[in-house]
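> Sequence and predicted structure, then a few things I'm wondering about:
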Amino acid sequence: MKIVLIGVTVLAVIALFIWLQRLWDARLKNAVEKLMGGRPRRSGREFGETFYPDNPEVATKVRDILAEHLPLDLSRLEPSDQPVIDLKMDDMDSMATVEFVIALEKEFGIKIEDADAEKMRTFDDICGYVIKKVKESEAEAGKPYGTTLTL
C-alpha cells in the first residue's frame, strides 16, 4: 500500500511540475509576443536586406540560428532586441545562450571569446561581432569578404 501511495505521489509531483513549466513557458512567450506584436513580419531575407544591406546573408543566418535556440516566431525581430532580456532566452532554456554561441562559431568558423559574448546584448551587437569576425577570418585566408557564405 505504501508503494502505491508513493508512486501516486511521485506521479502527481511530476504532473504538477510539467503543468507549471508549461504555464511558465506560455507566460514568457506571451511577454515576447506583446513586445513584438505591432511590428511587421519579415522573412529571413527581408530581415537581412532591411537591417543589414551590406551583409544580409550573415544577418539572415544569425537570425536563423537564433530561431533554432528559441521556441518563438522571430519574424518580427529587430536589431535592438536583446535575446536574453527581451526574448527571455535564459528563462526559456538556461543552456540556450551557450548553445547559440557554439552554433555561431561552428556555422561561421569563428571563435567567440567568453568576454566578448558577455558584452553582446542586442541582436545588432551579435550580428556586428559575427560580421567583423567573418571579415577577419576571410582576410586571414586571403579571400575577398563575402565569398565563403551563401544561403
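Yep, it's here.
> any idea how far the residue nearest the centre of the chain is from I112?
Nearest to the mean C-alpha position of the chain, by Cα atoms, centre = their mean, lies L66 at 2.7 Å. With the distance defined as Cβ to Cβ, to the nearest Å, L66 ends up 14 Å from I112. All C-beta spots, glycine's among them, are computed from the backbone N, C-alpha and C.
> what sits up against the helix or strand containing the residue nearest to the centre of the chain?
Assigned by DSSP states H and E, L66 belongs to helix 56-68. For helix 56-68, contacts defined as Cβ atoms under 8 Å, 6 or more residues apart in numbering pick out 44-45, 47-49, 51-52, 74, 77, 83, 100, 103-104, 107-108, 123, 126-127, 130-131, 134, 146, 149-151.
> Now find how far off-centre that helix is within its chain.
Averaging C-alpha coordinates over helix 56-68 and over its chain gives two centres that are 9 Å apart (Cα atoms, centre = their mean, to the nearest Å).
> mind listing what's buried in that helix?
Neighbour-count burial for helix 56-68 flags 56-66 (criterion: 16 or more other Cβ atoms under 10 Å).
> Looking at the residues you listed, which is nearest L87?
The closest of those to L87 turns out to be L66 (Cβ to Cβ; 8.1 Å).
> and the closest one, how far is that from R41?
Separation of L66 from R41 (Cβ to Cβ) stands at 16 Å.
> How about L11?
Separation of L11 from R41 (Cβ to Cβ): 42 Å.
> Show the end-to-end separation of stretch 48-55, please.
Distance across stretch 48-55, first residue to last, is 7 Å (Cα to Cα, to the nearest Å).
> Now find how far off-centre stretch 128-135 is within its chain.
For stretch 128-135, the separation from the chain centroid amounts to 17 Å (computed by Cα atoms, centre = their mean).
> quick one: the helices in this protein?
For the chain, helices defined by DSSP state H occupy the ranges 2-36, 44-51, 56-68, 89-92, 96-108, 114-119, 123-140.
> Check those helices for me and report the most buried one.
Of all the helices of the chain, helix 56-68 has the most neighbours on average by mean count of other Cβ atoms under 10 Å, namely a mean of 20.
> Let's test this: mean pLDDT of it, rounded?
Across helix 56-68, the average pLDDT comes to 95.
> Kindly provide the distance from the spatially closest residue to K111 that is not a sequence neighbour to I85.
The shortest distance from K111 to any non-neighbouring residue, by Cβ to Cβ, 6 or more residues apart in numbering, is to E105 (6.2 Å). Taking Cβ to Cβ as the measure, E105 falls 23 Å from I85.
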